[in-house]
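Asks: Have a look at this fold, sequence not included:
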């Protein structure tokens with residue numbers, strides 16, 4: 001008989017990857033995906049530890065958890081940098097800097 005995979009093991013891996021990919025979206029999306037992946041990984045780990053011989057897919061959970069931690073750290077750093085820049089330059093200053101960089105890139 002084939003062993004079932006841990007619940008949400010693939011989803012944890014996907015959310016871990018998404019937390020890294022979306023860390024540059026002002027840091028918010030990466031934090032959301034990372035936190036969700038960590039919570040789901042904790043539940044899956046508890047299920048696996050209770051009965052390790054029953055389930056497969058624990059490697060996906062471990063990998064997803066590591067990627068989620070990396071994504072949370074990157075997202076937190078990016079979010080703090082954005083908050084500091086908004087405090088220093090204001091929202092209008094940030095928009096002007098973005099427009100200047102776009103004009104420089106285009107011209």
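Replies: Yep, that arrived. The shown structure was predicted, so the numbers you read here are calculated from the model rather than taken from an experiment. Numbering: from 1, shown residues only.
Asks: Name the spans of this structure whose pLDDT lies under the cut-off.
Replies: Low-confidence segments of the chain, defined by pLDDT under 70: 107.
Asks: Kindly list the longest helix within it.
Replies: helix 58-106 (DSSP state H).
Asks: for that helix, the distance to its chain's centre please.
Replies: Relative to the centre of its chain, helix 58-106 is centred 12 Å away, using C-alpha atoms, centre = their mean, to the nearest Å.
Asks: Stretch 15-33 now?
Replies: That offset, for stretch 15-33, works out to 4 Å (C-alpha atoms, centre = their mean).
Asks: ok, residues contacting that stretch?
Replies: 34, 36-37, 40, 63-68, 70-72, 74-80, 82 (C-beta atoms under 8 Å, 6 or more residues apart in numbering). Every C-beta, even on glycine, is put in place using the N, C-alpha and C of the backbone.
Asks: just checking, what packs against the longest helix of the chain?
Replies: Counting contacts by 3 or more C-beta pairs under 8 Å, 6 or more residues apart in numbering; DSSP states H and E, helix 58-106 packs against helix 9-21, helix 28-50.
Asks: Buried residues in the last one, which are they?
Replies: Of the residues in helix 28-50, those buried by neighbour count under the rule 16 or more other C-beta atoms under 10 Å are 29-38, 40-41, 44-45, 47-48.
Asks: quick one on the thing from earlier: closest one to residue 58 among the helices and strands packed on helix 58-106?
Replies: helix 28-50 (5.1 Å; C-beta to C-beta).
Asks: and the direction of that closest one versus that of helix 58-106, what angle?
Replies: Angle of helix 28-50 versus helix 58-106, following axes from the mean of the first three to the mean of the last three C-alpha atoms, to 10 degrees, is 170 degrees.
Asks: Run the chain-centre distance for helix 28-50.
Replies: On C-alpha atoms, centre = their mean, the centre of helix 28-50 falls 11 Å from that of its chain.
Asks: Could you do stretch 37-57 as well?
Replies: Worked out by C-alpha atoms, centre = their mean, stretch 37-57 lies 20 Å from the chain centre.
Asks: Give me the contact list for it.
Replies: Applying C-beta under 8 Å, 6+ apart, the set of residues contacting stretch 37-57 is 3-12, 15-16, 19, 58, 61, 64-65, 67-69, 71-72.
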